[in-house]
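Novice: Show me the folded form of this:
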Amino acid sequence: MAGNTLGNIFRVTTWGESHGDAIGCVIDGCPAGIRLSRQHIKSELDRDVPYPLLTRRVEENNFQILSGVFEGYTIGTPISIIVRNSNVESEKYKKIMHTPRPGHADLTYRMKYGHIDWRGGSRASGRTWVSTIAAGAVAKRICLLKKIAIKSTMLELGGVKVDNNNLEQIIEKLAEQSKRDSDTTGGIIEIQIQNLPSGLGAPAFNRFQADLGHAILNIPGIKTFELGDGLDSARMRASEFNDPIVTQGGSVTTSSNRAGGVLGGITYGPPVVFRFAVKPTPSILIAQKSVDLRTMKNTKMATEGRFDANYTPRVLVVAEAVSAIVCADHLMLSGYVPQDSIIPRKDRLRYDFMNRRA
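Specialist: Numbers count the residues shown, from 1 in each chain. Sure thing, here's the model as predicted:
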């Protein structure tokens, strides 16, 4: 199976299946000298299930940093992180192993590979993206060097607009509704990447927003990617959509941000703003039409395993992670962060450098 790596210089390869012994990632291209502790990774992994009411599988996410870090700093070699699976229930999936779940990857995996791991969605499960959250924690340490902030917001849950005043209430309602109806819902997320330097990206096949879109659209359940005013731009005239160019504090910028912080594939200072839709979790308890692959006859099936009533809050954390990975990669591609080490060359032979940095 190809296609498990994200990034060009800062490269993240993930591995593992939903019900396997473990999942993990290998991060290649991370420069030496970056402060990285277990707590930096744990604090992100602890966000994996922000609202336990909405999920039926909660893992402890016990993890180990196997390589690439010594005495609390990266050393420039591949960083390998393993996260153990401890809360799996595979038996229920035996009953539906020959009847692909509508809306899931069961059908396409069988068509492509023939022999698959039918437990819990295998590689297509949202569970496997926990390793990406761990990798995102490392990428965020690189982003911090340039004070880049990634801020995410849930705009809608289950078709209802969300704000700080009604979020908890809506989550409780969706959890109760899913328990009652055995159905699921989706949502809409917005992300702002602030303090990006100008010049990230390239005019053709490494456009910054294209790499972001590639990363976001690879997350399970994502069906759209909208930069800036996005779809609304199709209904505007250029005189309405174009962001006026002005001087501000001695710098050249724009007085509005309808373009979403990117022009010609290249960042130029304003926040990069994008939104995307998360579809309803496809695994549900309601009987749906499928085919029994043993007999090739039409039948009905219902998922008996566990699933999220609404996957959107968990996607938010994953989306932050892949956004950080794209930012870290582009910082290195554009020369804002050195590829080998962030330690100045004049200090690299000084044995006590790390202790003084601490």
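Novice: Can you get me a residue count around the residue nearest to Glu304 when sequence neighbours are not counted?
Specialist: Closest residue to Glu304 apart from its sequence neighbours, by C-beta to C-beta, 6 or more residues apart in numbering: Lys92 at 4.0 Å. C-beta coordinates here come from the backbone N, C-alpha and C atoms, glycine included. For Lys92, the count of nearby residues is 13 (other C-beta atoms under 10 Å).
Novice: so what does the biggest helix by length in the chain touch, helix or strand wise?
Specialist: For the chain, the longest helix by residue count, based on DSSP state H, is helix 312-333. Under the contact criterion of 3 or more C-beta pairs under 8 Å, 6 or more residues apart in numbering; DSSP states H and E, helix 312-333 touches strand 5-6, helix 130-145, strand 149-157, strand 187-194, helix 208-217, strand 272-278.
Novice: how big is the angle separating that helix from strand 272-278?
Specialist: 140 degrees (axes from the mean of the first three to the mean of the last three C-alpha atoms, to 10 degrees).
Novice: what's the distance between Thr312 and Gln288?
Specialist: According to C-beta to C-beta, to the nearest Å, Thr312 and Gln288 sit 22 Å apart.
Novice: of these two, who's got more company?
Specialist: Thr312 (29 against 15).
Novice: re the thing from before, make a markdown table from the helices and strands packed on helix 312-333 and add distance to Met97 to it.
Specialist: Formatted as a markdown table, those follow (distance: least, C-beta to C-beta, whole Å):
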| stretch | distance to Met97 |
| --- | --- |
| strand 5-6 | 29 |
| helix 130-145 | 24 |
| strand 149-157 | 32 |
| strand 187-194 | 30 |
| helix 208-217 | 28 |
| strand 272-278 | 27 |
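Novice: Columns mean neighbour count and distance to Tyr73 on top of those, output as CSV?
Specialist: Formatted as CSV, the helices and strands packed on helix 312-333 follow (neighbours: other C-beta atoms under 10 Å; distance: least, C-beta to C-beta, whole Å):
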stretch, mean neighbour count, distance to Tyr73
strand 5-6, 18, 24
helix 130-145, 24, 10
strand 149-157, 17, 23
strand 187-194, 20, 26
helix 208-217, 21, 27
strand 272-278, 23, 29
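Novice: how about the ones you listed, which one is nearest Asp347?
Specialist: helix 130-145 (15.9 Å; C-beta to C-beta).
Novice: so what does the closest one touch, helix or strand wise?
Specialist: Taking 3+ C-beta pairs under 8 Å, 6+ apart as the contact cut, helix 130-145 packs with strand 11-16, strand 22-28, helix 38-45, strand 79-84, strand 149-157, helix 312-333.
Novice: Test for you: state the pLDDT assigned to the residue nearest to Glu304.
Specialist: pLDDT recorded at Lys92 is 79.
Novice: For it, identify the helix or strand it belongs to.
Specialist: Using DSSP states H and E, Lys92 maps to helix 91-94.
Novice: And for that helix, what's in contact with it?
Specialist: With contact meaning C-beta atoms under 8 Å, 6 or more residues apart in numbering, helix 91-94 is reached by 19, 118-120, 304-305.
Novice: what about it, distance to the chain center?
Specialist: For helix 91-94, the separation from the chain centroid amounts to 28 Å (computed by C-alpha atoms, centre = their mean, to the nearest Å).
Novice: Kindly report the same for stretch 323-333.
Specialist: Centroid separation for stretch 323-333 versus its chain: 13 Å, with C-alpha atoms, centre = their mean.
Novice: same question, stretch 294-314
Specialist: 23 Å.
Novice: same question, stretch 141-148
Specialist: 18 Å.
Novice: now stretch 138-157
Specialist: Using C-alpha atoms, centre = their mean, the offset of stretch 138-157 from its chain centre is 11 Å.
Novice: And for stretch 136-151?
Specialist: Between the centre of stretch 136-151 and the centre of its chain there are 14 Å (C-alpha atoms, centre = their mean).
Novice: For the closest residue to Glu156 other than its chain neighbours, list each beta-bridge partner.
Specialist: Spatial nearest neighbour of Glu156, chain neighbours left out: Ile188 (4.1 Å); criterion: C-beta to C-beta, 6+ apart. Beta-bridge pairing for Ile188 (DSSP bridges): Glu156, Ala277.
Novice: repeat for Arg35
Specialist: Beta-bridge partners of Arg35, counted by DSSP bridges, are Tyr73.
Novice: Neighbours of it, how many?
Specialist: 15.
Novice: And it, how close does it get to Ala137?
Specialist: Distance from Arg35 to Ala137, by C-beta to C-beta: 12 Å.
Novice: got it, and Gly24?
Specialist: Computed with C-beta to C-beta, the distance linking Gly24 and Ala137 is 13 Å.
Novice: Show the contacting residues for the closest residue to Asn61 other than its chain neighbours.
Specialist: Sequence neighbours aside, Leu45 is the residue nearest to Asn61 in space, at 4.4 Å (criterion: C-beta to C-beta, 6+ apart). Going by C-beta under 8 Å, 6+ apart, Leu45 touches 61, 63, 83, 130, 133-134, 137.
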